[in-house]
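When you get a sec, could you give me coordinates for this:
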Amino acid sequence: MKTITPARRGTRAVLAASAAAILLGLGLAAPAAAAPLVDPDAIGSITIHKLEAPDTPSGLPNNGTAVDTAGLTPLPGIEFQVRQVTGIDLSTNSGWTDASALSGVFDAADPEGSITGAGHALAAGSTLVTDAAGEATFTGLPVGLYLVEETDFPAGVTPSAPFLISVPLTDPTNLDNWLYDVHVYPKNAVTTATKTVEDADAVQLGDEVTFTITADIPNVDPIDGFKIVDVLDVKLDYVATVVTLADGTTIAEGVDYAITHDAATNTVTVEFTAAGRAILAAHNTTSVVVDIVTTVNTVGEIANQALVYPNLPSFDIDPGEPGGPTVTPEVETRWGGLTIEKVGQGGAALTGAVFQVYTSAADAAAQTNPVTLAGATDFEVVNADGTLTIAGLRYSDFANGATVAPGDAGYLQYYLVEVQAPDGYELLAEPIEFTITAATTAAGIDLTVINVPHNGGFQLPFTGGTGTGLLYLAGIGLIAGGVVFLVVKRRRSI
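Next up, the predicted model:
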């Protein structure tokens, strides 16, 4: 029988302790000293419980056992792949040593490369998609070391990193036993985003319209990439971008983030630097707010949405594809016009009338603050058919991205005032109320404006005419009578 010296016993104890420490650092459990032998013929399972990362740590154990996840949000529809690492036999002590050696080379960013680089391979695996409870159970797994990877996930999700897990694990609640059915709880950071438009104060082309993107910050650390992209419609002219954090944390352009505007594609991009991403990771319970200021240059129903790229891999994935950017809801700002037909009482087309447009009855009455379109406040009827189109006004019934009604904030009532009548016709006596809607913007006559002839069509007397001649003769008669009366009176006085 071979004699084991005290020195050899000490060396073995140190090696065993080191191996256990490495395994625990890797997240793999070394068999306890008093544990029974691993059954090499055992069949185990890995149950994945996919959850949304909470704002604060849950404090739940993560040791391979099933735990109560009440209060956490399950994530269905996430695809996982599980593959066994070949060349590692966990029914032997040397197999556990081989597994622990991977801790120094395993790279979650390149798991296959790091595993094959260490002299191991990956067997063909299987894939499952998490169910409504966020669960996927891989059964029929022989004893071994397994690579678990997320292979398909929704847009706007930052996936959990690939990881290695052993079947079995030492049972943490019963240290002299093995756990062949292992439960893991990888969490995903879900980035949602909203978009709003503010145009209630805008009336005419050239007024400012602001689009606001509010994006969640991924609940991961570190954040390897984060950017927001907005492709503006060609009907919008870019003015400026303002970036803030909703909780008021100070961030600086050029240091924490960069703003670019590509004039060729009318694309605005806000991308956070490494310094900025560190701030985001430290304030992941707030939101990034991006205000993009524009002006409208052309009538139309102008739709707009933005893209939020929550991690570096999402930068190279098309919108709508798994793992790609979050796409915000679409918002609109709506602009149009109306067409006036100017006619006389008989329906004949009239030209030469000049109109102004106002947004309040008071301004219309006082003729103050007229609407300006293309630098003009006066709109003249010059078409031979008497038509005039006034275009470039915001819809009356649509403001801040929603339908509005009379009396609601943002509703616009317009007033048409005639400031010059056609030659030979009277001005309109009062403003005409009108609205701008999708219907008025469509082709056709929206408003017929009738002018009546000067003095209502009645003939005024003029110098040299019969009426004035009679008045003239009557005046002479009165004067003559007065002279006779004066002569008679004087004679009576003598």
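
Relative to Asn304, how far out is the residue lying closest to Lys227 once chain neighbours are set aside?
In space, and not counting its chain neighbours, Lys227 is closest to Glu271: 3.9 Å by C-beta to C-beta, 6 or more residues apart in numbering. Heads up, the C-betas are built off the backbone N, CA and C, glycines and all. In this view, Glu271 and Asn304 are 20 Å apart by C-beta to C-beta, to the nearest Å.

if we can go back for a sec, the helix or strand that contains the residue nearest to Lys227 pairs with which strands, parallel or anti?
Glu271 is part of strand 267-272, with elements assigned from DSSP states H and E. Paired with strand 267-272 in the same sheet, following DSSP bridges, are strand 227-231 (antiparallel), strand 257-262 (antiparallel).

ok, the residue nearest to Lys227 touching Asp256?
No - using C-beta atoms under 8 Å, Glu271 is not in contact with Asp256, being 10.4 Å away.

if you count what's nearby, which of the two comes out ahead?
More crowded of Glu271 and Asp256, by other C-beta atoms under 10 Å: Asp256, with 20 against 17.

and the more buried one, what does it touch?
272-273, 275-276, 279 (C-beta atoms under 8 Å, 6 or more residues apart in numbering).

quick one: contacts of the strand holding Glu271?
By C-beta under 8 Å, 6+ apart, strand 267-272 touches 223, 225-232, 238, 241, 243, 256-262, 280, 290, 292.

Could you rerun that using 7 Å?
Applying C-beta atoms under 7 Å, 6 or more residues apart in numbering, the external contacts of strand 267-272 come out as 226-232, 238, 241, 243, 256-261, 280, 290, 292.

which of those residues are buried?
226-230, 232, 238, 241, 243, 256-257, 259, 261, 280, 290, 292 (16 or more other C-beta atoms under 10 Å).

just to revisit the earlier point, in a markdown table: the strands paired with strand 267-272, plus distance to Pro310 and mean pLDDT.
Output for the strands paired with strand 267-272, formatted as a markdown table (distance: least, C-beta to C-beta, whole Å; pLDDT from 0 to 100):
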| stretch | distance to Pro310 | mean pLDDT |
| --- | --- | --- |
| strand 227-231 | 9 | 98 |
| strand 257-262 | 15 | 98 |
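
so where's the stretch 51-200 of the chain shaky on pLDDT?
Across the stretch 51-200 of the chain, the ranges flagged by pLDDT under 70 are 54-61.

can you map out the helices along it?
93-101, 111-117 (DSSP state H, counting those that start in this stretch).

Pick the most buried one from the ones you listed.
Among the helices of the stretch 51-200 of the chain, helix 93-101 has the highest mean neighbour count (mean count of other C-beta atoms under 10 Å), at a mean of 18.

gap between it and the chain center?
Relative to the mean C-alpha coordinate of its chain, helix 93-101 is positioned 50 Å out (C-alpha atoms, centre = their mean, to the nearest Å).

which element follows the one helix or strand Val308 maps to toward the C-terminus?
Counting by DSSP H and E, the element that carries Val308 is strand 306-309. Tracing the chain past strand 306-309, the next element assigned as helix or strand by DSSP H and E is strand 326-327.

So which bits of the helix or strand that comes right after that following strand are buried?
For strand 326-327, the following helix or strand on the C-terminal side (DSSP H and E) is strand 331-344. Within strand 331-344, the residues that qualify as buried are 331-336, 338-344, counting by 16+ other C-beta under 10 Å.

For the helix or strand that strand 331-344 is followed by, give me every contacting residue.
Next along the chain after strand 331-344, taking DSSP H and E as the criterion, comes strand 354-358. Here strand 354-358 makes contact (C-beta under 7 Å, 6+ apart) with 364, 367, 369-371, 377-380, 390, 414-420.

If we go by neighbour counts, what in the helix or strand just after strand 354-358 is buried?
Note on strand 354-358: by DSSP H and E, the next helix or strand toward the C-terminus is helix 361-366. For helix 361-366, the buried set under the neighbour-count rule, 16+ other C-beta under 10 Å, comprises 363-364.

Mean confidence (pLDDT) on stretch 291-303, please.
Averaging pLDDT along stretch 291-303 gives 97.

Could you check how far it is from the centre of its chain?
15 Å.

CA atoms only for that stretch, dumped as PDB, please.
Below are the C-alpha coordinates for stretch 291-303, written out as PDB (Å, rounded to 0.1, in the frame of the first residue of the first chain):
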ATOM      1  CA  ASP A 291     -36.700  66.800 -27.600                       C
ATOM      2  CA  ILE A 292     -36.400  67.300 -31.400                       C
ATOM      3  CA  VAL A 293     -37.500  70.800 -32.500                       C
ATOM      4  CA  THR A 294     -38.700  71.100 -36.100                       C
ATOM      5  CA  THR A 295     -40.700  73.400 -38.400                       C
ATOM      6  CA  VAL A 296     -43.200  72.200 -40.900                       C
ATOM      7  CA  ASN A 297     -42.500  73.200 -44.500                       C
ATOM      8  CA  THR A 298     -45.300  71.500 -46.500                       C
ATOM      9  CA  VAL A 299     -48.900  70.600 -45.900                       C
ATOM     10  CA  GLY A 300     -49.800  67.000 -45.100                       C
ATOM     11  CA  GLU A 301     -50.400  64.500 -42.400                       C
ATOM     12  CA  ILE A 302     -46.900  64.000 -41.200                       C
ATOM     13  CA  ALA A 303     -46.100  60.800 -39.300                       C
END
